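Novice: Here's a sequence, model it:
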Amino acid sequence: MVLTLPAWADLLVRGVVLIQIAGTLTILAFHHYLLIPKLRKINRRAARIDGLTIVILLFGYGGVLNAFGLPSGLVVFWAQLVGLWILIRLSLHTLRRWASPKLVARISTRIIRPTFILFIATAIIIQLFPLSELLQVKLFTLFNQPFTIFNLLLCIVVPYYLVVLSPYPVVLAGYVLQKTLNLSESTRSAVTLILRYVLIGFGVLWLLSGIGITGAGLAAIVGGLSIGVGFGVRELIANFVSGLWLLFEGSVRPGDILFMDGDPCKVRSLGLRASVLWRQRDNAELVVPNQIFFTTTTTTYTGSDVLRRGELIVSAAYCHRPVDVCNLLLECTQEVEQIMDDPGPSVFVYEYSSSSIDYAIRYYIANPMDNLSTRSNLSAQVWDCFSRNEIEIPFPQRVIHSAIRQPDYQNHWKESSS
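Specialist: Prediction:
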């Protein structure tokens, strides 16, 4: 049975259907534009029961239709959908007590709302037509196999839910492997991402098998993709392969600290195309293509260890003994909590400049992202220490000599003789 547009139109223009649709739309408009504003003026808490009032009004309208001997299936159907949505909202509100609001918002936006919309669309179609007959409607032929509406829905729904739902089971599996094998945090993140790729890969293979694409068809698709790679998808494939290689090699992993564009950045995630890095200086996220890590030199602070060495240059006047200044600077490092004792800090006479003797303080910190705050705290300690011990911090000085205009004796003699 092939459903055509006139069949849809003939069903929707029936009198009993129009009465139910018109009444439902009227109730929704009355609720949104009249009832809710009045409830908010009376009490803001009373406006929170807006969904419940819709359910009551719809069921009441359905009872009126039944009293006049008219069908009320669509009205009751919409009332049930609104009631289901109220239960979902209450469940999300309860979930916020145990999970972070950001996680609950992500689940609501990416999973619950699309699923609810899909459920509504399916339920409406079931109300109007037999669903099994509609799904078997043939659209075209693909690799000598009929491509139906059901296949089209699979191609839309399955990839979406593979991408959206795949992080949650693999994250759980990653935590189990971390506790079992005593993995580091960066290794757990890498294993989690690899497991997600594997899960998505198996899902895509199942989808191709479900829509009737056999080995020969898959070979034809791969051949077409190879041509597409040569003409426009080369960079995308290169970034994808680079991301997989980075994970297996372990040179760049989530949680690593990299030095990008003059600033230390933390790797938050390795994606299919690009990596997301967090820059502490301005709380910005950098989206870096994975291929960049293979074509440019990247400095990492978490390769073999997480220690980072910092340096501070301090100037003192020539009138102070370098040994005394070095001892004072070394004492300043003991007052900064971030500076490690092992390996300990060191102070050197760095340079004899034109106005001062320059000293270099070199120290190690455990968190590479704390270098700026550590440098600031150490600078403040040096200032206080030099003030207490009357150590002068010189600055360049220039003496400007102004030229004095000499009198013109020759002209003065000519004027006086005349």
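Novice: mind checking how far the closest residue to residue 381 other than its chain neighbours is from residue 274?
Specialist: In space, residue 381 comes closest to residue 332 once its chain neighbours are excluded; the distance is 4.3 Å by CB to CB, 6 or more residues apart in numbering. Heads up, the C-betas are built off the backbone N, CA and C, glycines and all. Distance, residue 332 to residue 274, using CB to CB, to the nearest Å: 42 Å.
Novice: Which helix or strand in this protein has the lowest average pLDDT?
Specialist: Of all helical and strand segments in the chain, the minimum by mean pLDDT, DSSP states H and E falls on helix 5-12, at a mean of 50.
Novice: so after it, what's the next helix or strand?
Specialist: Counting by DSSP states H and E, the element after helix 5-12 in chain order, helix or strand, is helix 15-30.
Novice: so where is the stretch 251-400 of the chain shaky, pLDDT-wise?
Specialist: The stretch 251-400 of the chain contains residues with pLDDT under 70 at 272, 397-399.
Novice: Mind pulling the model confidence for residue 193?
Specialist: The score at residue 193 is 78. That number is its pLDDT.
Novice: List the contacts of it.
Specialist: 170, 247, 254, 269, 270 (CB atoms under 8 Å, 6 or more residues apart in numbering).
Novice: list the buried ones in the helix or strand harbouring it?
Specialist: Assigned by DSSP H and E, residue 193 belongs to helix 185-210. For helix 185-210, the neighbour count (16 or more other CB atoms under 10 Å) marks 186-197, 199-200, 203, 207-208 as buried.
Novice: and residue 391, that one's in a strand?
Specialist: No - using DSSP: H, G, I helix; E, B strand; the rest coil, the secondary structure at residue 391 is coil, not a strand.
Novice: Which parts of the stretch 51-200 of the chain are strands?
Specialist: Remark: strands assigned in the stretch 51-200 of the chain by DSSP state E, counting those that start in this stretch are 138-142, 145-148.
Novice: swap that for the stretch 251-400 of the chain, sorry
Specialist: Counting by DSSP E, counting those that start in this stretch, the strands of the stretch 251-400 of the chain are 257-260, 263-270, 274-279, 284-289, 299-300, 308-316, 346-352, 357-365.
Novice: Now distance to residue 387 and mean neighbour count too, for those, in JSON lines please.
Specialist: What follows is the strands of the stretch 251-400 of the chain, written out as JSON lines (distance: least, CB to CB, whole Å; neighbours: other CB atoms under 10 Å):
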{"stretch": "strand 257-260", "distance to residue 387": "34", "mean neighbour count": "18"}
{"stretch": "strand 263-270", "distance to residue 387": "31", "mean neighbour count": "19"}
{"stretch": "strand 274-279", "distance to residue 387": "35", "mean neighbour count": "19"}
{"stretch": "strand 284-289", "distance to residue 387": "37", "mean neighbour count": "15"}
{"stretch": "strand 299-300", "distance to residue 387": "36", "mean neighbour count": "14"}
{"stretch": "strand 308-316", "distance to residue 387": "13", "mean neighbour count": "18"}
{"stretch": "strand 346-352", "distance to residue 387": "18", "mean neighbour count": "14"}
{"stretch": "strand 357-365", "distance to residue 387": "17", "mean neighbour count": "19"}
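Novice: Would you format these as JSON lines with distance to residue 161 included?
Specialist: Below are the strands of the stretch 251-400 of the chain laid out as JSON lines (distance: least, CB to CB, whole Å):
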{"stretch": "strand 257-260", "distance to residue 161": "33"}
{"stretch": "strand 263-270", "distance to residue 161": "20"}
{"stretch": "strand 274-279", "distance to residue 161": "23"}
{"stretch": "strand 284-289", "distance to residue 161": "25"}
{"stretch": "strand 299-300", "distance to residue 161": "36"}
{"stretch": "strand 308-316", "distance to residue 161": "42"}
{"stretch": "strand 346-352", "distance to residue 161": "57"}
{"stretch": "strand 357-365", "distance to residue 161": "44"}
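Novice: Show me the one of the ones you listed that comes nearest residue 160.
Specialist: The closest of these to residue 160 is strand 263-270. By CB to CB, the value is 19.5 Å.
Novice: Can I get that closest one as PDB, trimmed to CA atoms?
Specialist: These are the backbone C-alpha positions of strand 263-270, laid out as PDB (Å, rounded to 0.1, in the frame of the first residue of the first chain):
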ATOM      1  CA  ASP A 263      51.200  29.800  26.300                       C
ATOM      2  CA  PRO A 264      50.900  26.600  28.200                       C
ATOM      3  CA  CYS A 265      47.600  24.800  27.200                       C
ATOM      4  CA  LYS A 266      46.000  21.700  28.600                       C
ATOM      5  CA  VAL A 267      44.700  19.000  26.100                       C
ATOM      6  CA  ARG A 268      41.000  18.500  27.000                       C
ATOM      7  CA  SER A 269      40.000  16.000  24.200                       C
ATOM      8  CA  LEU A 270      41.200  14.400  21.000                       C
END
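Novice: Comparing the strands of the stretch 51-200 of the chain by mean pLDDT, which bottoms out?
Specialist: Averaging pLDDT over each of those puts strand 138-142 lowest, since it has a mean of 76.
Novice: What strands line up against that strand, and which way round?
Specialist: strand 145-148 (antiparallel) (DSSP bridges).
Novice: Can you tell me which residue is spatially central in this protein?
Specialist: residue 276 (7.5 Å; CA atoms, centre = their mean).
Novice: For that one, name its beta-bridge partners.
Specialist: Applying DSSP bridges, one finds that residue 276 bridges with residue 269, residue 287.
Novice: what residues are up against it?
Specialist: 267, 268, 269, 285, 286, 287, 288.
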